[in-house]
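Participant: structure of the sequence below:
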Amino acid sequence: MTAKGIVILAPMVVKQKDSAAEIEPPSKEPSRVAGFRAAYVFDVAQTEGQPLPQFAATKGKPRESSPKRNPHPMSVNQST
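Facilitator: Numbering: from 1, shown residues only. Below you'll find the model as predicted:
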């Protein structure tokens, strides 16, 4: 059986070049989306090999399991 790819639109990211970029370190160059192009991807059912690792899952309600924090001092309603 021949696998057929699914066509999606993938963003083309380019680095912006202007005088402000020369002042900043090279690792901090800003980038932007210049357009989109067709790219092929495959459904996981069409692949072979070992399964991919699973992401961590959150169980329960995060608000109930996190420790209680004091509200920000500026947000407390202080009566005088």
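Participant: how much space between residue 61 and residue 14?
Facilitator: Residue 61 sits at a distance of 42 Å from residue 14 (criterion: Cβ to Cβ, to the nearest Å). Backbone N, C-alpha and C define where each C-beta goes, glycine included.
Participant: okay, those two: which has more neighbours?
Facilitator: Legend: neighbour count by other Cβ atoms under 10 Å for residue 61 and residue 14, higher for residue 14 (11 against 8).
Participant: and the more buried one, how close does it get to residue 5?
Facilitator: 25 Å.
Participant: again with residue 54
Facilitator: Taking Cβ to Cβ, one finds residue 54 at 25 Å from residue 5.
Participant: who's more crowded, the two?
Facilitator: Remark: of residue 54 and residue 5, residue 5 carries more neighbours, 12 against 6, as counted by other Cβ under 10 Å.
Participant: ok, that one - contacts?
Facilitator: Applying Cβ atoms under 8 Å, 6 or more residues apart in numbering to residue 5 gives the contacts 40-42.
Participant: let's see that with 6 Å instead.
Facilitator: 40, 42 (Cβ atoms under 6 Å, 6 or more residues apart in numbering).
Participant: now do residue 38
Facilitator: With Cβ under 6 Å, 6+ apart, residue 38 has these contacts: residue 7.
Participant: am I right that it is in a helix?
Facilitator: No: secondary structure of residue 38 (DSSP: H, G, I helix; E, B strand; the rest coil): strand, not part of a helix.
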